[in-house]
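> could you look at this predicted model? Sequence included:
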Amino acid sequence: MKLGNFQFDNQNPSAAVTAYENALRLKPGNANVLTDLGIMYRELHRFEDALKAFREAERVQPGHRNALFNQGIVLYYDLKRKDEAEAAWRKLLAADPNAHAPDGTPVSELIKHLH
């Protein structure tokens, strides 16, 4: 996991994916590792794998904010599945009504601009 985080921070998504996949083989079900793995999959344009990792993170830790936020990102921007992106972000808002994007934009505002 530490190696994956190091590779993540140093913008080496291929190495991060390998490290995170190995970490999950040793200790499955870590929602934070699954989410970081999903982010790295997205960097590699492996959008369906990213979505699968985010959904698994949210399954093992319901309401996982980062996983739900990133599901919406992949669904909206990469897979062009706006309705599913909205559903993910609404689920995020149910868990955290004050959720916001890393740039500070409220998730509620992101939803308004989906359509």
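Received, thanks.

> can we go C-alpha only for contacts and neighbour counts from here?
OK.

> so the closest residue in space to residue 95 that isn't next to it in sequence, which of the three states?
Take residue 95 and drop its neighbours on the chain: the residue closest to it by C-alpha to C-alpha, 6 or more residues apart in numbering is residue 63, 5.5 Å away. At residue 63 the chain is in coil, as set by DSSP: H, G, I helix; E, B strand; the rest coil.

> okay, now residue 63: neighbour count?
The burial metric for residue 63, expressed as a neighbour count using other C-alpha atoms under 10 Å, is 17.

> just give the nearest non-adjacent residue to residue 101, would you?
For residue 101, the spatially nearest residue (C-alpha to C-alpha, 6+ apart) is residue 107, at 6.3 Å.

> contacts only, for the one you found.
Applying C-alpha atoms under 8 Å, 6 or more residues apart in numbering, we find residue 107 in contact with 89, 93, 98-101.

> distance to residue 114 and pLDDT added to these, as JSON lines?
Supplementary listing: the contacts of residue 107 in JSON lines, determined by distance: C-alpha to C-alpha, whole Å; pLDDT from 0 to 100:
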{"residue": "89", "distance to residue 114": "11", "pLDDT": "97"}
{"residue": "93", "distance to residue 114": "15", "pLDDT": "97"}
{"residue": "98", "distance to residue 114": "18", "pLDDT": "95"}
{"residue": "99", "distance to residue 114": "16", "pLDDT": "97"}
{"residue": "100", "distance to residue 114": "15", "pLDDT": "95"}
{"residue": "101", "distance to residue 114": "14", "pLDDT": "95"}
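
> alright, that wraps it up for me.
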